[in-house]
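Asker: any chance you can model this:
(2 chains)
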Amino acid sequence: GAGVSQTPSNKVTEKGKYVELRCDPISGHTALYWYRQSLGQGPEFLIYFQGTGAADDSGLPNDRFFAVRPEGSVSTLKIQRTERGDSAVYLCASSLGSGGATDTQYFGPGTRLTVL
Amino acid sequence: GNSVTQMEGPVTLSEEAFLTINCTYTATGYPSLFWYVQYPGEGLQLLLKATKADDKGSNKGFEATYRKETTSFHLEKGSVQVSDSAVYFCALTGGSYIPTFGRGTSLIVHP
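Answerer: Now for the predicted structure:
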């Protein structure tokens, strides 16, 4: 079946602009995660959804970042007033279960965001 | 807090060579340990995992053993192939479902 998909694959924007990044999880997966991966680093957790609700948003760096998952499937990560430091690859992952420590996460290919 | 330390890359090997990528961790309690692989142009994929001490995870000829006494989870493969060229990430979940990743180790295998 289809894996996790993310659109766009690349996004170039100017400082101060607003961007939206989309994630389509695997059908039936109730848990959804967003991560940010800077060059030469491992992924860093941003936010976790269980169904429609954000169960843990402790990784969001500041209030310019926001994410929604209104119907418990597709999720959108929104970044307001983008800064050059926001440039990174944004990864989405989904998992079947309740998000437990051994729950296998399936990752999308990522969206590469470049803020000029 | 939790942390994962991986050996720096790139690791460059000839085909059929033996591979070791070192990973050590710091965590409270009893974490679960993972290796993920990222092939060029693709998303991260779970390669193997181990959920308790002395467990050995294995997949596609790769192995890693959860060593609590040395807080390590080194990745090994007896004979690498060109197709194994990728970036490998060690990760743990300890105390919560949120994984902590290492910085990744790039592996380049030459024919």
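
Asker: model confidence for the residue of chain B at minimum distance from chain A, exactly?
Answerer: Chain B approaches chain A most closely through B:Phe101 (3.0 Å), counting by Cβ to the nearest Cβ. Using the backbone N, CA and C atoms, a C-beta is placed for each residue, glycine as well. For B:Phe101, the model assigns a pLDDT of 94.

Asker: the nearest residue to it once chain neighbours are set aside - how many residues pack around it?
Answerer: Leaving aside its sequence neighbours, B:Phe101 sits nearest to A:Gly42 (Cβ to Cβ, 6 or more residues apart in numbering or on different chains; 3.0 Å). When neighbours are defined as other Cβ atoms under 10 Å in any protein chain shown, A:Gly42 has 21 of them.

Asker: cool, and the one 5 residues further on?
Answerer: Number of residues near A:Ile47 (other Cβ under 10 Å) recorded here: 21.

Asker: how close does it sit to A:Ala54?
Answerer: Note on A:Ile47: its distance to A:Ala54, by Cβ to Cβ, to the nearest Å, is 6 Å.

Asker: kindly report the same for B:Asp55.
Answerer: 32 Å.

Asker: of the two, which one has the most company?
Answerer: A:Ala54 (19 against 14).

Asker: for the more buried one, what are its contacts?
Answerer: The contact partners of A:Ala54, taken as Cβ atoms under 8 Å, 6 or more residues apart in numbering or on different chains, are A:47-48, A:67, A:69.

Asker: identify the contacts common to A:Ile47 and A:Ala54.
Answerer: A:Ala67.

Asker: not counting sequence-adjacent ones, nearest residue to B:Thr12?
Answerer: Computed as Cβ to Cβ, 6+ apart, the closest residue to B:Thr12 that is not its neighbour in sequence is B:Ile108, at 4.8 Å.

Asker: what's the neighbour count on that neighbour?
Answerer: 14.

Asker: ok, A:Ser73 next?
Answerer: Neighbourhood size, A:Ser73 [other Cβ under 10 Å]: 18.

Asker: using the three-state scheme, assign it.
Answerer: Classification of A:Ser73 using DSSP: H, G, I helix; E, B strand; the rest coil returns coil.

Asker: excluding its backbone neighbours, what's nearest it?
Answerer: Closest to A:Ser73 by Cβ to Cβ, 6+ apart is A:Pro25, at 6.6 Å.

Asker: that neighbour touches A:Leu32, doesn't it?
Answerer: Yes - A:Pro25 is within contact range of A:Leu32, at 5.2 Å (criterion: Cβ atoms under 8 Å).

Asker: so what are the sheet partners of the host helix or strand of B:Ile108 and their directions?
Answerer: Using DSSP states H and E, B:Ile108 maps to strand B:105-110. Sheet pairing of strand B:105-110 (DSSP bridges) gives strand B:11-14 (parallel), strand B:86-93 (antiparallel).
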